[in-house]
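Participant: sequence plus predicted model, see below.
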Amino acid sequence: MQSLKTKVAIIGAGPSGLLLGQLLAKQGIDNIIIERVSADYVASRIRAGILEQGTVDLLEEAGVSERMHAEGHVHTGFEIAHFGKRYRIDLDKYTGGKSVMCYGQTEITQDLMAARSEKALVTYYESSNVVLNDAKTDNPFVTFEQDGQQYKLECDYIAGCDGFHGVSRQTIPKEQRTEFERVYPFGWLGVLSDTPPVHDELIYAKHERGFALASMRSPTRSRYYIQVPTTEKVENWSDDAFWDELKKRLPGEVAERLVTGPSIEKSIAPLRSFVCEPMQYGRLYLVGDAAHIVPPTGAKGLNLAASDVGLLYKLLCKCYQQNQPQAMQSYSELALKRVWQTERFSWWMSNMLHDYRDDKTSATDGLTFERFMNAELEFYMSRDDGLRIIAEQYVGLPHPLV
Ligand code: FAS
Ligand code: PHB
């Protein structure tokens, strides 16, 4: 067993782990990342596309924002289409000049990985049997294997950045954690294509055939989604079938402009709301998808992970640089305030924009719920205050103050 030592052991090299590692390193706080899969696999994952200003600010602080500013696109608004009628949510007007950045999570991950290797920071990819030990003591440690070698990593703190299926949340004994969950009665079939986006801003479309989203990655790369039943299989969807269905759900004048082409990625993601309380256990801190999941309707998953990272980073700086280890006790309470507000917005947007008529999972029958949600959407689209409420949450609520 080879012994290692660091200040912060980070489990997972997704955006949460990589961003935390980069921020800590810039403050001279030593950290080691342990990742289950290969670097290539991490770098190839296709996920989120919209960044809140708070996330952009953290990437700037981490020193990895150059390519984002060069290749990303600032969006000052987006559209909601309700049965073909289009409403623009003017982010600039309703939030006093705030905006969002359109830049893929895949790019962020690659930028963070490049920065980490430039600094020769230590990451153990393709690790197995990762076990978090003695998290409730002052001397936690992580054991893991890589290339047949067994390791023991001693540390002061463990950041559980290992996503929904990771080991960190499971380290908190079942009787000491509470899990809140809502599984939605539909999923998102997503396509990535090297075709020009159908519009220069995002369009969230509510249609009687189901929800659709027209997004993008660049002027030559588009990202589209359509709502599908949870039972749907991606192999049932040819590219042509996807394009035909998308056209039916987008507003007519938009659909006419749609440029189709071969999918370079096509997959179905289930939708769920999930929160684990508390988000800390002894010297283990859950970050990002390890602690919570949101339906992607509010473009919040990656951004909520980033706000957890920012909070833990600030508390660790207080701990090491101002000799205030007691600051670490406030992480879960501070994080959960923003987590639940963001969960609520994502749940609310999902309820308003998807087709629930076939939903048999809720107490309210699907048709009745559908009528409620049509009225909800019309109420908010018909008044400045309603559009402002959506805009303020879409650009991102303030990050926790430390
Ligand atoms: P991640 O899951 O990204 O990373 C966790 C890392 O931990 C992974 O690299 C994993 O390999 C590693 N790991 C797991 N178990 C481990 C173990 N035992 N030991 C070591 N390492 C381990 N969000 C949006 O905002 N918009 C979207 O459109 C959107 N689309 C999504 C589509 C899909 C299919 C999925 C799954 C998520 C999507 N999300 C979206 C949410 C997504 O972007 C997450 O919020 C984001 O990846 C969170 O980052 P992390 O917390 O780093 O978790
Ligand atoms: C995306 O571009 O992948 C995307 C954008 C906004 C969302 C969800 C996904 O709400």
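Facilitator: The structure has been received and is ready for your questions. Numbering: from 1, shown residues only. Ligands and ions are numbered 1, 2, ... in the order given.

Participant: drop to CA atoms for contacts and neighbour counts, all remaining ones
Facilitator: Will do.

Participant: check which helices and strands the helix or strand containing residue 158 sits against.
Facilitator: For residue 158, the host element (DSSP states H and E) is strand 157-160. With contacts defined as 3 or more C-alpha pairs under 8 Å, 6 or more residues apart in numbering; DSSP states H and E, the packing partners of strand 157-160 are strand 8-11, strand 284-286.

Participant: which other residues reach the longest one?
Facilitator: The list of residues contacting strand 8-11 from outside it, by C-alpha atoms under 8 Å, 6 or more residues apart in numbering, reads 17, 21, 29-35, 142, 153, 155-162, 168.

Participant: check stretch 345-358 too.
Facilitator: So stretch 345-358 is in contact with 185, 204-211, 227, 273, 294-300, 365-367, 369-370, 373-374, 376-377, 393, going by C-alpha under 8 Å, 6+ apart.

Participant: got a ChimeraX select line for the buried ones in these?
Facilitator: Here is the ChimeraX command that picks out the buried ones among the contacts of stretch 345-358, judged by 16 or more other C-alpha atoms under 10 Å:
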select :185,204,205,206,207,208,209,210,211,227,273,294,295,296,297,298,299,300,366,369,370,373,374,376,377,393
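
Participant: among the contacts of stretch 345-358, which are located in strands?
Facilitator: 185, 204, 205, 206, 227, 273 (DSSP state E).

Participant: and of the residues you listed, the nearest to ligand 2?
Facilitator: Nearest to ligand 2 among these: residue 204, at 8.0 Å, using C-alpha to the nearest ligand atom.

Participant: what sits against that closest one?
Facilitator: 79, 80, 81, 211, 212, 213, 214, 353.

Participant: and the fifth one, how many residues sit next to it?
Facilitator: Counted by other C-alpha atoms under 10 Å, the residues lying close to residue 212 total 28.

Participant: tell me the bridge partners for it.
Facilitator: Beta-bridge partners recorded for residue 212 (DSSP bridges): residue 205, residue 226.

Participant: on that earlier part again, in CSV: the helices and strands packed on strand 157-160, plus mean neighbour count, mean pLDDT and distance to ligand 2.
Facilitator: Formatted as CSV, the helices and strands packed on strand 157-160 follow (neighbours: other C-alpha atoms under 10 Å; pLDDT from 0 to 100; distance: least, C-alpha to the nearest ligand atom, whole Å):
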stretch, mean neighbour count, mean pLDDT, distance to ligand 2
strand 8-11, 28, 99, 25
strand 284-286, 28, 99, 23
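
Participant: in JSON lines: those, plus distance to residue 221.
Facilitator: Output for the helices and strands packed on strand 157-160, formatted as JSON lines (distance: least, C-alpha to C-alpha, whole Å):
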{"stretch": "strand 8-11", "distance to residue 221": "32"}
{"stretch": "strand 284-286", "distance to residue 221": "34"}
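
Participant: so what's residue 136 closest to, chain neighbours aside?
Facilitator: Excluding the flanking residues, the one nearest residue 136 by C-alpha to C-alpha, 6 or more residues apart in numbering is residue 282, at 4.1 Å.

Participant: can I assume that neighbour is in contact with residue 139?
Facilitator: No: look at residue 282 against residue 139 with C-alpha atoms under 8 Å: they stay out of range, at 10.3 Å.

Participant: what about the contacts of strand 8-11, which are in strands?
Facilitator: Going by DSSP E, the strands hold 31, 32, 33, 34, 142, 153, 157, 158, 159, 160 from the contacts of strand 8-11.

Participant: quick check: buried residues in the lengthiest helix in the chain?
Facilitator: Assignment by DSSP state H gives helix 331-353 as the longest helix of the chain. Neighbour-count burial for helix 331-353, counted by 16+ other C-alpha under 10 Å, picks out 331-332, 334-336, 338-339, 342-343, 345-353.

Participant: is ligand 1 contacted by that helix?
Facilitator: No: judged by C-alpha under 6 Å from any ligand atom, helix 331-353 stays clear of ligand 1, getting no closer than 10.1 Å.

Participant: just give the number of residues close to residue 360.
Facilitator: 11.

Participant: who in the stretch 251-400 of the chain is up against ligand 1?
Facilitator: Going by C-alpha under 6 Å from any ligand atom, the residues of the stretch 251-400 of the chain near ligand 1 are 269, 288, 289, 290, 296, 299, 300, 301, 302, 305.
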